[in-house]
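K.L.:
Sharing a sequence plus its predicted fold:
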Amino acid sequence: MKHLLFICSRNKLRSPTAEEIFRGHPGVEVDSAGLADDAESPLSEEQIGWADVIIVMEPIHRSRLNRKFGPCLAGKRIAVLGIPDNYGYMDAELIRLLRLKCAPYLP
């Protein structure tokens, strides 16, 4: 089973959408979290340890992730999707982009 962790700033729109659409996908378990102090579900070291692949939405998220959790990231694969914060939760275009850009990380 492959563990995918989706991360954005506040864990309200993009990463929860990714978690929802890939939940139940064969061969994967998913989780999502946010990097901001006011995130719906703040990222934890335990989540990082659990993840096989950490998928962030924007390059700034990778930078913040490295600043806040650098020592925990050793040996972790981090992917940047390049999806801006222009979409609502479960937006059809966001779902299309997530499916397209996450395909390389799915079994």
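P.N.:
All right, it came through fine. Residues are numbered from 1 along each chain as shown.
K.L.:
Every contact and neighbour count from this point should use C-alpha atoms.
P.N.:
Fine.
K.L.:
Just the local confidence number for the residue in the chain sticking out farthest from the centre, please.
P.N.:
For the chain, the residue at maximal distance from the C-alpha centroid (C-alpha atoms, centre = their mean) is residue 71, at 18.6 Å. On the pLDDT scale, residue 71 is placed at 95.
K.L.:
same question, residue 8
P.N.:
96.
K.L.:
Please name the bridge partners of the residue positioned nearest the centre of the chain.
P.N.:
By C-alpha atoms, centre = their mean, the chain has its centre lying nearest to residue 6, at 1.3 Å. Residue 6 has the following beta-bridge partners by DSSP bridges: residue 32, residue 55.
K.L.:
what's near enough to touch it?
P.N.:
Shown here is residue 6, whose contacts under the criterion C-alpha atoms under 8 Å, 6 or more residues apart in numbering are 15, 16, 18, 19, 30, 31, 32, 33, 54, 55, 56, 57.
K.L.:
what does residue 54 give?
P.N.:
4, 5, 6, 7, 48, 76, 77, 78, 79.
K.L.:
Could you export the residues you listed as CSV, including distance to residue 91?
P.N.:
Compiled in CSV, the contacts of residue 54 are given as follows (distance: C-alpha to C-alpha, whole Å):
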residue, distance to residue 91
4, 21
5, 20
6, 17
7, 17
48, 27
76, 29
77, 27
78, 24
79, 21
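K.L.:
Between the residues you listed, identify the one with the most neighbours.
P.N.:
In terms of neighbour count, residue 7 stands highest of the contacts of residue 54 at 29 neighbours, by other C-alpha atoms under 10 Å.
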